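[1] missing the sequence, but the structure's below:
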């Protein structure tokens, strides 16, 4: 069987997947019937008896951490995720510097999860809250294994990188708009620094760290699952809720009133520290920095996506930040 490549067009990638398929074929005792690359080191793999998602890690310790963490989640009562499986293979899967783990395949629903409906947004928040409640039970056991979430330092570095990229970005975004973004970030960071103690009032949990819509998976039965724990760290639940807010605000036209309809957001929005942090344009800075770091600006589609993110909702975002600034005067 020839490897199927659905995500890459470059000849070098095709050759890599052909080598990887041959390697897997030599290691699995069961005959492989389907091999579909989803991302560089994420493979949909089906054998005569089983279906897996095969995921690669740069070190064996990273793979083992994910295996142990998801196992702990399940044992402590959080069942809405996948498990790592032990496949029928000759030896541990290791190919060209990458360690591969086998993840339980969750057949997806015909309609992919998104943040476009209030029902989905609320369901995602409730699942995230369940995740935090569960990880609070065993966070202490992982303190030596996981980093702490340092949001202020992370966002300060992201801001500095964004401003360093100004000579490039100003060709695509009006300088007055850029000045507003910088102003929002400075106001947010100054306020967060002043009120930062608030974030450490709550007991720490293990944070997911990447609550994008693609890390919520609705299975074919309609049950919602939380997946992909590559960025887990230790910190207050508010850090995940801030990221979640940043992800859903474009779907609610940057409406503060719609945001606090969700009880989890309403509770956090009673604190000034959270309001300051909501003003920080984390998504814009992240995407521009990534685009320039990866030199993806030669891809017209990716460049347009990041430019649209920065400009199309500028006025709605500005009204949102203005409202936040009025609230904490």
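    Alright, I've got the coordinates. Being a predicted model, the structure only gives us computed values, none of them experimental.
[2] Phi, psi for residue 77 please.
    phi 110, psi 0 (degrees, to the nearest 10).
[3] That one: neighbour count?
    When neighbours are defined as other CB atoms under 10 Å, residue 77 has 10 of them. Heads up, the C-betas are built off the backbone N, CA and C, glycines and all.
[4] got a pLDDT number for residue 8?
    pLDDT, residue 8: 41.
[5] mind starting the numbering at 9 from now?
    Happy to do that; since the first residue is 9 now, the last one works out to residue 16.
[6] Which residue is the nearest non-sequential neighbour of residue 327?
    Among residues not flanking residue 327 along the chain, residue 262 sits closest, at 6.7 Å (CB to CB, 6 or more residues apart in numbering).
[7] How many residues are close by the one you found?
    19.
[8] What does the pLDDT read for it?
    At residue 262, the model reports a pLDDT of 97.
[9] Doesn't it belong to a helix?
    No: assessed with DSSP: H, G, I helix; E, B strand; the rest coil, residue 262 is coil; it does not lie in a helix.
[10] That one contacts residue 322, correct?
    No: Residue 262 is beyond contact range of residue 322, at 9.9 Å (criterion: CB atoms under 8 Å).
[11] gap between the residue nearest to residue 327 and residue 190?
    Counting by CB to CB, to the nearest Å, the gap from residue 262 to residue 190 is 18 Å.
[12] picking up where we left off before, got the contact list for the residue nearest to residue 327?
    Going by CB atoms under 8 Å, 6 or more residues apart in numbering, residue 262 touches 321, 324-325, 327-328.
[13] What does residue 241 show for phi and psi?
    Phi and psi for residue 241, reported as degrees, to the nearest 10, are phi -160, psi 180.
[14] show me the contacts for it.
    154-157, 214-215, 217.
[15] Swap in 10 Å and give it another go.
    Residue 241 makes contacts with 150, 154-159, 212, 214-217, 247-248, as judged by CB atoms under 10 Å, 6 or more residues apart in numbering.
[16] Return the set of residues that bridge with it.
    residue 215 (DSSP bridges).
[17] ok, residue 317 touching residue 257?
    No: with contact defined as CB atoms under 10 Å, residue 317 does not count as touching residue 257 (11.9 Å).
[18] hey, what's in contact with both of these two?
    Counting by CB under 10 Å, 6+ apart, the shared contacts of residue 317 and residue 257 are residue 291.
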